[in-house]
Structures are given as C-alpha cells and as structure tokens.
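J.: Give me the fold of what follows.
(chains A and B)
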2 protein chains.
Amino acid sequence: MSREYGRMPMDLDLLLRKARLSDGRRVVIGIADGRIALIEEEGAPVPPARESLDLANAVVLPGFTDGHLHLDKTLLGLPWRPHDAAPSVRARIEAEKAFRRGECSTLAERGAEKLLELALRHGTTSLRTHVDIDDVTRLDYLAQVLEIRERWRGRVDIQIVAFPQSGILSCPPVADLLEEALRMGADLVGGLDPLGHDGDLHAPLDVVFGLAERHGRGIDIHLHDGGEAGLSEIMEIAHRTKVTGLGGTVTISHAFALADADARAFDAVAGLLREAGVAILSSIPGGDRCPPLLRLREAGVSVFFGSDNVRDCWNPASVVGMADRTMLATYRFGLRTDADIAGLIDHVTRIPHAVTGLGPGTLAPGAPADLLAFDVETVPQIVVERRLPTLVMKGGVRQV
Amino acid sequence: MSREYGRMPMDLDLLLRKARLSDGRRVVIGIADGRIALIEEEGAPVPPARESLDLANAVVLPGFTDGHLHLDKTLLGLPWRPHDAAPSVRARIEAEKAFRRGECSTLAERGAEKLLELALRHGTTSLRTHVDIDDVTRLDYLAQVLEIRERWRGRVDIQIVAFPQSGILSCPPVADLLEEALRMGADLVGGLDPLGHDGDLHAPLDVVFGLAERHGRGIDIHLHDGGEAGLSEIMEIAHRTKVTGLGGTVTISHAFALADADARAFDAVAGLLREAGVAILSSIPGGDRCPPLLRLREAGVSVFFGSDNVRDCWNPASVVGMADRTMLATYRFGLRTDADIAGLIDHVTRIPHAVTGLGPGTLAPGAPADLLAFDVETVPQIVVERRLPTLVMKGGVRQV
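T.: Numbers count the residues shown, from 1 in each chain, chains lettered A, B, ... in the order given. So this is what the prediction gives:
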C-alpha cells in the first residue's frame, strides 16, 4: 500500500528550523496543509511561513507505527490486578472472558485511551489494533473502539482488525459477526490458530480469506501454534495469499513457529512468505519463541513491530512505544553496530507503512507531517536509551 | 557476609510516615544515625523525630545493589562513538586497548560519575565495579576509581574488583599488579576465562585463589567461555572454593556456559555451585547464552543481577538501573505472576547483600537507611513499568 510522495505547494504553515535527518544532514522542514512541503539543506532559501520552530539540532524521524496493539484488552486504567497466569492460550482466553463477564466498565475506563496517550507520548502516531469479536463481546468492543478512533482522529491513526479471539469454528456466531464488523468499519479480517484453536487448517481460513475477498480487505492472523502445525499454517496462509492475489495485504502476527523451523524448513517458509507478499508482525518476545528477525530480513520477508499486550489479562508487561521495542530487538538479537541499531527504525516506520499503509513511513515532500524530534546526537541513541521524543507532530499539529 | 540487624536507640532523626512495605503493610519508618531505628504499623505510638516526611502510601524497598558494573569502561561522558563490534572477546579487548592508547581523558571525563548519577537516580545505592588492570592501564584506572569512590562515599557504596581484563598468563605484569591493587584498596580479586583467554585451566586460578587466600579477599571471575570448556572452569572454581574454604565470597560473572549444559551436566554443576557457596552474577543477556535463572534458583544457587556494559567499547547498550534489569528478566523468562515478578527484587537486594555484603538487603531495624520509595500500587508495577524511585535515601540522607 506504499505511496510515492510528490512535491507540494509552497504556502507554508510552519518551518522546522535546525532539524537533523537520520543521515546527519542539517535541514529545514516546511509544512503546509498537514503535509511536508519541503526539506531543504540548512541555509538554502525557503519561502516564508506563518510560524517557525527551532529544533536545536534534534534528530527528526517519521512518526512511529505500532503494528499490533489490543486497545480493548488493556487494563491500564483500572487498579492493578494480579495476573492469573493461565497456562495455555485457550485457558487465557477463558480467563479473559470470565473477567469480562464480571466487569461492566467501558474500554475507555479500562484504559484504552490512557494507552493511546502513552503511545503518542512515545512517538506512536499510527497503529493497528485488534478488537475481540466473540460470543461475549460480540460487536460491543468494536463499537467502542470505533468511537475511540473518531475521538482520536487527527492525533493517532487507528487501523482496526476484527479479531476472532475465541476462534471461528469453535465460536459459532463469530463468522457472521466478523462480516458485520467489516460493515461497521473494521478495516481488516483477523484470525486465530486454525489448527491449535479450531482444529481445522482449512475451514477457518475459508472464512477469513472469503471475507477478505468479498469485502476487499486485508488480513492479519494471530498464529501462536508452534512446530509443524504452525509451519503448515504459515505455508497455507502464504499459499492462499498467492492464489487470491491478496499479496501485500496479509500479515501473520507472532508466527512463533518460525523459531522452531530447522534451516531447510525455514528457508522454504521464508521464501514462500516473500514470494506471496505475506508480512510478519512480531513483538520480539523475550523467550525462545522469537521469530529469527535477522534471517527473515535476509530472506526478504517484511517484518514490522508491535507492542502486543499492555497490562491486560494476558500479560502484565507494560512496555509501550516503538523505540522501546527496537531496544528489545537490539537486546534479544545482540545488535551492536550503529548501522544494525539504526536499521531497526525501519521496522517501525518504512516497513509497516509499506505493509499497512499506516504512518508516513518516511520524511519526504508530500508525506503527512507526522514526525518526531529527539534530543540525541545520533539515531542509535534513540534506540539504546529508549528515548522519548521531545516533539510529536501529527498532520503538522504538535501533540507532545 | 549477611548480617542480622538488631534494635536501635530511639532518638529519631527522621520519620517516614505513610509508607507501605512490599507486603502491603502500612507503616511508619524511623531513622536514627543513618540507620533504620524502627518500623511500626501505622497508628502505633512512635517517639518524636526532628523531621518527618509523608510518603503518601509509596511502596518502600531497600536500596538496590548493582552487582556488576565497569565504571572505568563507560563512555557516557564522551560524544557518541560508533561501535566497532569486534567479533570475539579477544578482539574486543584489543579494540578497547587501542582506543585507550589514543585517549587521554580521565575516567570522570569519560562518564564514570555520570554513570553513578544515573545509577543512583535509578535506585542503585551500592554496586560492585570491576576495574581493568593490564599492561596499558596498569594501576592508573584503579587509582582513579579509588578517588571516585572517596568522592561518592555516603552516596553510593562501591566495591572494587581488580580485574585482569587482558588475562593473567598472557599479560605478564598483571599477576604482580593484582597484588598491588589489593594493597591500594581493591576489595576483590578478579579473573577472566582461564582456558579461553590464558589457555590454561589451572595456572590463572592458582594466581587468583592464591591472592584471595593470602589477602583474605573474595573473588569475582568473568567467564565468557561456553560449552565444555566453560563448564569445566565453573566446576574447577567451585572445587577450589570448597578446598580453600572461600565459600560465600566467590562469584562467577556471566557464566554463559550454564546455558549450554544439558540437564545432567546442569544438575551436577548447579549442585556443586550451591554446595561450594559460589554465586552467579548475570546481566540477563538477551541472546541464547543467558544462564537459566529459574533452574539455578530451584537448585539453590545464589544469583544476583548487574548492568555490565553501559555505552562502552564492548556494547552501546545503555540500560542502567536494577528495576530495568528485573524487567528484562520478566521479559527474557516470560514471568507473569505477581509473585514471580516481585520475587525478582530479591536478586537486586537480599541476594547481593548476602553474597557481597553490599546494600542493606532488607528493611529492618538496625539496617542502613538506604531505601527507595516508589509511587506505585504494588511491587510488580515497579518491575514491569521500570519505575524510577521518587525518593532515594542513602544512610538516612535523601539523594533523589
């Protein structure tokens, strides 16, 4: 979904002076109508602007995209709740549903907007959220997240995946609810472990791909299944993506099975993912089930990062923000050179833009003026020090 | 080296009111002569004090101990320096020496005290630092760190390991320099991969254990060697610790080989470590070479945490502070229950106190009033949110 940006008219609303780009160039950035109108070397003649802001040599990056959140799950707004730590995915799903049956607070009260505030403060100007659709929540959470999206329009761009958290076959109303969700305004069709949860490789994918084709939508499927089962699911999703021509719009989230593949299986699966145009979303989990980021990258597979759970029934972890996520990637994969560390920024800007259409992806004339300024010497410092931006701008309007 | 604390006289300098302990009890903490004089339930009668401070229900913990820093390596005070990323331990040692030959700044200018400021702000009131002793630095860095320790007396307690970063056999002046270092004021004898670096399992350990016995000091040996070599080194160190009766004063830092051991080898090695009283220091590295914390704990081995490299020639990573380190442990080992998460605080308080004598280890009458207050509901929040303390007190004096 990537766009090429073009040149813009020259009636400037704002000039950002004394900015530095990630390659070290000192520039002036002009903004008009919420978009970047020009980026010129410092000292070059620029048209006048209504306002100007001196960035004092801050490094400017495009706004970050968080590729995987659950705005409807977070409990950041409620008093601390000890974690149940159910032992399996299925048990966690049931524990969450039990909690929800007894909880009448709104998603905003539970912390959905607190999470958005936190994300924005960390430089997230666009995100993809999954929203649970099952026999308990039905379309209620989706309706709430759609309202929240409206309230946040112009501050954070929100893309919504209709997510069958309780499965499709094993939770009969869900197939119909997913279709209704797309009509209500969900952007993508979600999915969940066809084999591990629904016990059938094909039938759940028939529903997911059928909906995507009928409604012209993208797909983002949660895959926790490991080993052979997980790998066969990944192969099947890639195969269906090729057959349906949905390449470039399909994401597999988590894909833990990639960590289990031996070298030959990995090469086969990675080759198929690249060829089919299926992207991988990873929260860079800390344990032994982290998809091998560097090998996926070498194989030409698009990988982008997301926060996943933030203090919810699944996990009390509370790391928000994509600089933090890139730091975890340096930590998890032992990355130490400036090039390796700075290169991780691609996974929260350029790559998610190409896959999801979210975010400006880059700083260029014509791109939305969603940008961040960091008071650092150099980009790797943003990562290793998990810096907060000193300026967050969305559509040319300062948010932080 | 753990101490049992006793009751104190009742002429109070300070009362901390409205404090909460980690178990949730609401208490008043009285401080006299730099030590905790009393901890009483809220509402109980307490003697008057010269000053009092309302902690507004903050959770109070003992000051954290960072078990492994390199105050002489950090370059936090210099402009960002792209990382060389030499491919082996030996190459990194040489790269660091090359840098040092061309650099005439003092350790303070390079950032040693900036690192101390950062550590203190994160709640580190005591730490163990290794100081390089080799043919380039000789005793110069030790002299500087001894001066820094004096300047920081009363703010952060600093324990110094005389560290043969270039080996002992392979760097001839070092054995004598280590002995001189102990006379100058270094507290412990360090060591480095006997097999991997000096090519001899026994001769370097003869020097290290010989110095420790002659001078009545503890030992802290860096072991990066993996596989069989690393395991044989661990066994040999444990064996020598038993023979010399140095149990309780010997630490192996990093001990990556523990991640390589199969179940039988692991059980044998862990049993020997426990029996000999040899502790393991880990920075909880993110890759595949992280010693298995939970299994070591189950086996009764003392494990404590340290930051290790902070933006230096070895690693640009800049995670400082022990709450951050416990967060990395939850991430690395997938810990999710409140008990598991809160239990990690032991690895930066109680356990390092027992092994090194640093820090109060606990909050109890008679213990040094090195304490931290956190504005949270509950201890796990400190970990998962990597909270900064809102109050840092050392010897009864507020530092932050």
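J.: neighbours around A:Ile219, how many?
T.: By other C-beta atoms under 10 Å in any protein chain shown, the residues close to A:Ile219 number 25. C-beta coordinates here come from the backbone N, C-alpha and C atoms, glycine included.
J.: any idea whether the nearest residue to A:Met184 once chain neighbours are set aside is helix, strand or coil?
T.: The spatial neighbour of A:Met184 that comes closest, neighbours along the chain excluded (C-beta to C-beta, 6 or more residues apart in numbering or on different chains), is A:Leu142 at 6.1 Å. The local conformation at A:Leu142, judged by DSSP: H, G, I helix; E, B strand; the rest coil, is helix.
J.: Who are the packing partners of the helix or strand harbouring A:Phe266?
T.: Per DSSP states H and E, A:Phe266 falls inside helix A:263-276. Other elements packing on helix A:263-276 under the criterion 3 or more C-beta pairs under 8 Å, 6 or more residues apart in numbering or on different chains; DSSP states H and E are helix A:227-244, strand A:278-282, helix A:293-298.
J.: what's the angle from that helix to helix A:227-244?
T.: On the basis of axes from the mean of the first three to the mean of the last three C-alpha atoms, to 10 degrees, helix A:263-276 is oriented at 20 degrees to helix A:227-244.
J.: Any buried residues in helix A:263-276, and which?
T.: Going by neighbour count (16 or more other C-beta atoms under 10 Å in any protein chain shown), the buried part of helix A:263-276 is A:Phe266, A:Val269, A:Ala270, A:Leu272, A:Leu273, A:Arg274, A:Ala276.
J.: ranges for the strands of the stretch 1-150 of chain A?
T.: Ranges of strands in the stretch 1-150 of chain A, per DSSP state E, counting those that start in this stretch, are A:12-20, A:26-32, A:35-41, A:49-62, A:64-69, A:124-132.
J.: let me fix that: the stretch 301-400 of chain A
T.: A:303-305, A:371-374, A:391-394, A:397-398.
J.: Those residues of chain A touching chain B, which are they?
T.: Residues of chain A found near chain B, taking C-beta under 8 Å from any C-beta of the partner chain as the criterion, are A:79-80, A:82-83, A:85, A:285-287, A:311, A:315-319, A:327-328, A:330-334, A:336-338, A:340-341, A:376-378, A:380-381, A:384-385.
J.: what about 6 Å?
T.: Chain A has residues A:80, A:82-83, A:85, A:286-287, A:315-318, A:331-332, A:334, A:336-338, A:377-378, A:384-385 near chain B, with proximity defined as C-beta under 6 Å from any C-beta of the partner chain.
J.: Of those, grab the buried ones for ChimeraX.
T.: To isolate the buried ones among the residues of chain A next to chain B in ChimeraX, judged by 16+ other C-beta under 10 Å, type:
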select /A:80,83,85,286,315,316,317,318,331,332,334,336,338,378,384,385
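J.: Keep only those of the residues of chain A next to chain B that are in helices.
T.: Among the residues of chain A next to chain B, the ones falling in helices (DSSP state H) are A:Tyr331, A:Arg332, A:Asp338, A:Val384.
J.: Need these in JSON lines (columns: pLDDT).
T.: Formatted as JSON lines, these follow (pLDDT from 0 to 100):
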{"residue": "A:Tyr331", "pLDDT": "96"}
{"residue": "A:Arg332", "pLDDT": "96"}
{"residue": "A:Asp338", "pLDDT": "95"}
{"residue": "A:Val384", "pLDDT": "96"}
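J.: could these go into a markdown table alongside distance to A:Val161?
T.: Shown next, in a markdown table, are these (distance: C-beta to C-beta, whole Å):
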| residue | distance to A:Val161 |
| --- | --- |
| A:Tyr331 | 28 |
| A:Arg332 | 25 |
| A:Asp338 | 35 |
| A:Val384 | 31 |
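J.: Of the strands of the stretch 301-400 of chain A, which stretch is the most buried?
T.: Ranked by average neighbour count under the criterion mean count of other C-beta atoms under 10 Å in any protein chain shown, those are headed by strand A:303-305 at a mean of 27.
J.: For that one, give the mean pLDDT please.
T.: Averaging pLDDT along strand A:303-305 gives 98.
J.: And it, what does it pack against?
T.: When contacts are defined as 3 or more C-beta pairs under 6 Å, 6 or more residues apart in numbering or on different chains; DSSP states H and E, strand A:303-305 packs onto helix A:350-356.
J.: Swap in 8 Å and give it another go.
T.: Strand A:303-305 sits against strand A:64-69, strand A:278-282, helix A:293-298, helix A:322-333, helix A:350-356, with contacts defined as 3+ C-beta pairs under 8 Å, 6+ apart.
J.: Can you tell me the centre-most residue of chain A?
T.: Residue closest to the average C-alpha location in chain A (C-alpha atoms, centre = their mean): A:Gly67, at 0.6 Å.
J.: Report the contact partners of the residue nearest to that one when sequence neighbours are not counted.
T.: With C-beta to C-beta, 6+ apart as the criterion, A:Gly67 has its nearest non-adjacent residue at 3.9 Å, and that residue is A:Gly306. Taking C-beta atoms under 8 Å, 6 or more residues apart in numbering or on different chains, we find A:Gly306 in contact with A:Asp66, A:Gly67, A:His68, A:Leu69, A:Leu127, A:Arg128, A:Ser253, A:Leu281, A:Ser282, A:Ser283, A:Arg325.
J.: rerun at 10 Å
T.: A:Gly306 makes contact with A:65-70, A:127-130, A:251, A:253-254, A:281-284, A:322, A:325, A:347-348, A:352, according to C-beta atoms under 10 Å, 6 or more residues apart in numbering or on different chains.
J.: Are any of those buried, and if so which?
T.: Buried by 16+ other C-beta under 10 Å: A:65-70, A:127-130, A:251, A:253-254, A:281-284, A:322, A:325, A:347-348, A:352, out of the contacts of A:Gly306.
J.: burial measure for A:Val400, as a count.
T.: Counted with other C-beta under 10 Å, A:Val400 comes out at 16.
J.: Same question for A:Gln144.
T.: A:Gln144, neighbours per other C-beta under 10 Å, totals 19.
J.: which other residues reach the lowest-mean-pLDDT helix or strand in chain A?
T.: Taking mean pLDDT, DSSP states H and E as the measure, chain A has helix A:89-101 as its least confident helix or strand, at a mean of 90. For helix A:89-101, the external contacting residues (C-beta under 10 Å, 6+ apart) are A:72-73, A:75, A:81, A:83-86, A:88, A:110, A:132, A:134-137, A:140-141, A:165-167, A:170-171, A:192-193, A:196-197, A:222, A:224-225, A:309, A:312-315, B:336.
J.: one more time with 6 Å
T.: Helix A:89-101 is contacted from outside by A:Asp84, A:Ala86, A:Val136, A:Ser166, A:His224, A:Cys313, A:Trp314, using C-beta atoms under 6 Å, 6 or more residues apart in numbering or on different chains.
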